[in-house]
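[1] What follows is a predicted protein model with its sequence.
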Amino acid sequence: MKDDNFLREMNGRHMWQPMGHPGDARSNPPRIVKSAEGVRLWDIDGHSVVDAVGGLWCVNLGYSNDAVKQAIADQLWQLP
């Protein structure tokens with residue numbers, strides 16, 4: 001994996017941050033998420049937080065939901 005400082009620098013330069021002012025991305029970079037499960041996110045520094053807004057958009061069933069993963073796997077095996 002890339003160096004954490006490299007990830008932060010590239011994030012500040014190239015990623016659109018819809019929940020904050022664009023100028024803040026370099027001086028106060030957002031969290032870089034490494035993994036997630038249920039309602040929890042873990043960043044590249046190992047800190048855990050609750051994702052209190054993700055369910056408003058695309059993760060209303062949580063991250064790494066076993067039922068969703070199984071449905072995806074089942075559907076995959078039905079493809080030609």
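    Good, I have the coordinates. No experiment lies behind these values; they were computed from the predicted model shown. Residues are numbered from 1 along each chain as shown.
[2] Next, the residue nearest to the spatial centre of the chain: phi, psi?
    In the chain, the centroid-proximal residue (Cα atoms, centre = their mean) is V33; its distance is 4.8 Å. The phi/psi pair for V33 (degrees, to the nearest 10) reads phi -80, psi 130.
[3] roughly how far apart are it and V49?
    9 Å (Cβ to Cβ, to the nearest Å). From N, CA and C alone the C-beta is placed, and that goes for glycine too.
[4] The residue nearest to the centre of the chain contacts L41, doesn't it?
    Yes. At 5.1 Å, V33 counts as touching L41 under the criterion of Cβ atoms under 8 Å.
[5] rewinding a little: dump the residue contacts of the residue nearest to the centre of the chain.
    Neighbour list for V33: L41, W42, D43, I44 [criterion: Cβ atoms under 8 Å, 6 or more residues apart in numbering].
[6] Which among those count as buried?
    When neighbours are counted using 16 or more other Cβ atoms under 10 Å, the contacts of V33 contain these buried positions: L41.
[7] give me every residue that touches R40.
    S48, V49, V50, D51, Y63 are the contacts of R40 under Cβ under 8 Å, 6+ apart.
[8] try 10 Å this time
    S48, V49, V50, D51, G62, Y63, S64 (Cβ atoms under 10 Å, 6 or more residues apart in numbering).
[9] Rank those residues by pLDDT and give me only the lowest.
    Within the contacts of R40, pLDDT reaches its minimum at G62, with 83.
[10] what's the nearest residue to it if we skip its chain neighbours?
    Among residues not flanking G62 along the chain, G38 sits closest, at 4.7 Å (Cβ to Cβ, 6 or more residues apart in numbering).
[11] wait, doesn't that neighbour sit right on D51?
    Yes. Applying Cβ atoms under 10 Å as the test, G38 and D51 come out as touching, 9.0 Å apart.
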